[in-house]
Structure formats: C-alpha cells, structure tokens
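In: Could you look at this predicted model? Sequence included:
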Amino acid sequence: MVTISSDFDSGNIIPFDISDPSNLELEIKPDGKADFYQWFYYRVDGAAGQPLTMRLKNAFGASYINGWKNYNAVASYNQESWFRVESSFDGRELTIKHAPDQDIVFYAYFAPYPTARHRAYVETLKASSLLSHQVIGRTLDGQSIDYFRAGEGTREFWVIARQHPGETMGSWWMEGFLDRLSDENNAAARTLLDKATVHILPCMNLDGVRRGHLRTNAAGKDLNRAWRNASMEDCPEVFLVRERMRETGVDFFLDVHGDEAIPNNFLDNAKGIPSWNDVHEKRFERYSSQLLEISKDFQTKDGYPASAPGQANLDVANSYVAETWDCLSMTLEMPFKDAAVNPDPARGWSPERCRHFAGEHLRVMADIANFLR
Ligand code: ZN
C-alpha cells in the first residue's frame, strides 16, 4: 500500500485511485479560479522496490498538450538532486513508470522551487553588501514581495521571473543570476554594475507558487496578461512592479519563463509593438547573437512566430515594457524537456543548467549596457 500526498508548498495532485501501485490513477488539480493546469508535484510513501505505474488521467485537458510529447517527468529522493523518469503520453494520459529504491520519493513536472526555498534564499542574499533588499508590498494571500537592487550605474536594468508559478526554471535561473551579482569576484557582474542599476524581482507570483498553480495568482489572474490594467485588487504583483518601473525608468528588461512544448531555450522580443523600429531590432540582434556565441545551450531557430506589425499583445510584460519605455525588452523561455541543441538525457534541462545559463546572460548584459541608448 502506497500513499500519495501533495498537501505542501507548491504541491499539486489529486489521488484518484491509489489502491494498486501498478496502476495508480491521479489527476492534476486546476489553478484555483482559472482552468489552467499542467504543473504537478507530489510525494509517494512506502513504495521502495515496487514498480510504480502512475497515470495522470486528465493530461489530455492540460493547458499545453504538446508539452507531454517527448517529455519525461522528474523524480527525487532528497529534493535536491532531480533525475528524469520514463514517461509517455498516448493522447489522453501521461504515464510515469518508475521503481523507486527508497520509501519516500517525489515526482514533479520540473524541479520544484517552492516559496520556502525562495524565503531561505532571500535571507542568504540579505547578508550581501552588494545587494539591497526591500519588500515592495504584499500579495493577495499576504506574502511579502521581495525586491533586490544592485549597482549604481545610469542604465536601468529590470529582471523578473516566475510570473507563471509552474515555470520553476525561472527561479533556478535567478539563483545563478543573483549568486553572481552578489559575488564581488565575478568580473561580468562588476562590469555590469559599473554601468547599470539592476532591479530584480526574483519571484513575481508567490501565491501561485505556494498554491501549486501553473499560471495564475490567488485571484485567478495570469500576471503576464495583466500589464496594461493591473490593479491592487486582483494583481498587486504586477501593479507594484509597474509603479517601481515608472519611478526608475527601464533601459533593459528580461522576463524569465519556461515553455512547455519547445525543447530549446529561446528569446522572444517585442516585435509587433506599434513603435518597433530598426533600433529595437539592432539591440535585440546584438543581445541574441552575443548569447549565441557564448552559450552552447542557446539557439535562435526554434521559438515563437513574431506578431504581425502593430499586433503585439500589450498586456504581456515584454511588449508592454518595450512600448512604454522604448527599450530592449525580452522574454526568455527555457524548456521543461531538454535543450535539443545540447541534450542531457539523464537530467534534461535542469536547475544546474539554468544557473549556468544565467551566468552567460550576465556576460551579455555587461556588453549590451553600452548599446542601450
Ligand atoms: Zn510563462
């Protein structure tokens, strides 16, 4: 007899019928006030030595059905080291097969990054003399929203992650980014911080993260579709950051996400905003080509098709910021699966690789700071 639970920070699963370990029937729970679902994260107890077959029965109705294609779930015994386990999708159900060799094992859509880890990390960063920390307000569930600032240069850089709570790679990337920014021996960080003031919002959607949501906050709002009309009533996370941006201005914006379907890292620019021009194009091209040069994990072939001229959705952060501040503004998408240009079959795209990739971005930011105005 095994037990299955997800009643913890970022947890998500409904045990439907778990009487037979070789046929465990599970469902993913939709975001509270919205229909989105795909994120799962649960614990299995008492299964050492037993081959488990776990059927996520409502996978066909998930938000990104192509996310299940050629996808393998992650598992861990200690929640530090995550490895891939055989998974398959038949068009209806996602089936995960694994014979754990320990009694407690966790399974998830991607290596989780719950609010407890965020809080602990924030505490360690507060000790750094190179970063200043501030709570800029509270979420609807009452969680404090952490903001960091580094450097005193004239260029205003904004970097945010986890608008979509299920995209945990954003937080792993942020660890790599903030570790380096707070390291006085990191050359790229020192170069960047001579030229720029960097504003960092490491975890936008804390309520969604704690509740185990895929995309939305406590009010059922998709933060990355709320940038024009965000209000304190249903979207304080975006409202408060936007207010800050109005005070500082923005020369550079990077919004860090994960993409369910595309098995590669890519950047999405704001082409399609009404004011898009050659200067926007050149800034983006410089960033993208520099990243391509130094990163084995980056590529420019796979990605989203550009919006038609003038048709960009200005409720999306990337487009809203580009149009409002006439600046270089991008969404970074990392894969849930693996980076096909540089595959790692055992781990796929992973926390370690997210952290490393952030260091490569930092080097490109140090260069691009000279070309923003
Ligand atoms: Zn996203």
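Out: Done, it's in.
In: and the closest residue to P351 other than its chain neighbours, what is it in contact with?
Out: Closest residue to P351 apart from its sequence neighbours, by Cβ to Cβ, 6 or more residues apart in numbering: W172 at 4.1 Å. Using the backbone N, CA and C atoms, a C-beta is placed for each residue, glycine as well. Contact partners of W172, counting by Cβ atoms under 8 Å, 6 or more residues apart in numbering, are 111, 113, 350-351, 354-355.
In: what do you get if the cut-off is 6 Å, keeping everything else the same?
Out: Contacts for W172 (Cβ atoms under 6 Å, 6 or more residues apart in numbering) come out as 351, 354-355.
In: Quick check: it vs the ion, distance?
Out: The gap separating W172 from the ion is 14 Å, by Cβ to the ion, to the nearest Å.
In: Am I right that that residue sits in a helix?
Out: Yes: using DSSP: H, G, I helix; E, B strand; the rest coil, the assignment for W172 is a helix.
In: Quick check: the residue of the stretch 101-250 of the chain nearest the ion.
Out: Across the stretch 101-250 of the chain, the shortest distance to the ion (Cβ to the ion) belongs to H164, at 3.5 Å.
In: Am I right that that residue is in contact with T216?
Out: No: contact status for H164 versus T216: not in contact, 8.5 Å apart, counting by Cβ atoms under 6 Å.
In: hey, what's in contact with both of the two?
Out: Joint contacts of H164 and T216 (Cβ under 6 Å, 6+ apart) do not exist.
In: on that earlier part again, separation between the residue nearest to P351 and G61?
Out: Applying Cβ to Cβ, to the nearest Å, the value for W172 to G61 is 28 Å.
In: for the closest residue to L24 other than its chain neighbours, what are its contacts?
Out: Using Cβ to Cβ, 6+ apart and skipping the chain neighbours, the partner closest in space to L24 is M54 (4.7 Å). If you count contacts by Cβ under 6 Å, 6+ apart, M54 has them with 24, 26, 96.
In: Strands - which of the residues you listed land there?
Out: Using DSSP state E, the members of the contacts of M54 that fall within strands are 24, 26, 96.
In: The stretch 251-373 of the chain against the ion: which residues are in contact?
Out: Residues of the stretch 251-373 of the chain found near the ion (Cβ under 5 Å from the ion) are H257.
In: How about the secondary structure of the residue of the stretch 251-373 of the chain found nearest the ion?
Out: At 3.4 Å from the ion, H257 is the closest residue in the stretch 251-373 of the chain, using Cβ to the ion. Following three-state DSSP, the label given to H257 is strand.
In: what are the bridge partners for it, then?
Out: Using DSSP bridges, the bridge partners assigned to H257 are E333.
In: Tell me the pLDDT of it.
Out: For H257, the model assigns a pLDDT of 98.
In: quick one: contacts for it?
Out: The neighbours of H257, taking Cβ under 6 Å, 6+ apart as the test, are 167, 331, 333.
In: And for F298?
Out: F298 is in contact with 265, 291-292, counting by Cβ under 6 Å, 6+ apart.
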